[in-house]
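S.K.: heads up, no residue letters with this:
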């Protein structure tokens, strides 16, 4: 899954290998709601659906979801830190060999994960008013993303300035060493030639 800074809903298909793991990830900033549904399809034998295991981890490796022996499942969480959230799927080992296993994954983040029908019922709104609520939530989400991007840009600029300063000091030190070595060589050669009475 491609990294995104705007809340969205995505549906993707994954081909699960018979041995090994297939993972998808998305970079998400903190305090974002994430909802996902997944289901397995056996293209060769639709009546025999193999079981998969799944694991979702945070950027620091914390397990947010773990399920084994499932043909379908759901997970939901609110991000606690910004970073790359990863969902991994694999076939359970004790099953017979299956060649073509597909997994459908619907991944929703931010306002796409919000249940607008329940909002409409709770606040007793409909039509244009509900659309305005959605637009307001979109604008707020975009505003939060812009603030997040500004903060990231400031962090990157600070790291870049620190790196530039370190490179400048390293260059000055390297030039000083080169001048010192050249001076030592001239002094040594002059002394050598004077001893041999060549100059």
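M.R.: Good, I have the coordinates. Bear in mind the structure is a predicted one, so any value in this text is a computation, not a measurement. Numbers count the residues shown, from 1 in each chain.

S.K.: Now do the strands in this structure.
M.R.: With strands called from DSSP state E, the chain shows them at 9-16, 22-28, 33-42, 52-57, 63-70, 72-78, 83-91, 101-109.

S.K.: Also compute the angle for the fourth one relative to strand 9-16, please.
M.R.: So the one you mean is strand 52-57. Taking axes from the mean of the first three to the mean of the last three Cα atoms, to 10 degrees, one finds that strand 52-57 is oriented at 130 degrees with respect to strand 9-16.

S.K.: so what does strand 52-57 touch, helix or strand wise?
M.R.: strand 33-42, strand 63-70, strand 72-78, strand 83-91 (3 or more Cβ pairs under 8 Å, 6 or more residues apart in numbering; DSSP states H and E). Placement of C-beta: from N, CA and C, glycine included.

S.K.: so how far is that strand off the chain centroid?
M.R.: Relative to its chain's centre, strand 52-57 lies at 16 Å (Cα atoms, centre = their mean, to the nearest Å).

S.K.: oh, and call the first residue 11 from now on, that's how I've got it
M.R.: From this message on, residue numbering opens at 11, which makes the last subject strand 62-67.

S.K.: Without its sequence neighbours, what residue ends up closest to residue 44?
M.R.: residue 119 (5.2 Å; Cβ to Cβ, 6 or more residues apart in numbering).

S.K.: To residue 144, which of the strands of the chain lies closest?
M.R.: Residue 144 lies closest, by Cβ to Cβ, to one member of the strands of the chain: strand 19-26, at 13.1 Å.

S.K.: partner strands of the closest one, parallel or antiparallel?
M.R.: strand 111-119 (antiparallel) (DSSP bridges).

S.K.: Tell me the buried residues in the partner strand?
M.R.: Residues 111, 113, 115, 117-119 are the ones in strand 111-119 that count as buried (16 or more other Cβ atoms under 10 Å).

S.K.: on that earlier part again, going by mean pLDDT, which of the strands of the chain comes out lowest?
M.R.: Averaging pLDDT over each of the strands of the chain singles out strand 19-26 as the lowest, with a mean of 78.

S.K.: Next, the angle strand 93-101 makes with it.
M.R.: Using the same axes, to 10 degrees: strand 19-26 against strand 93-101 is 40 degrees.

S.K.: picking that back up, thought the residue nearest to residue 44 was touching residue 37?
M.R.: No: look at residue 119 against residue 37 with Cβ atoms under 8 Å: they stay out of range, at 10.4 Å.

S.K.: List just the one of the strands of the chain that sits closest to residue 196.
M.R.: With Cβ to Cβ as the yardstick, what comes closest out of these is strand 93-101 (54.9 Å).
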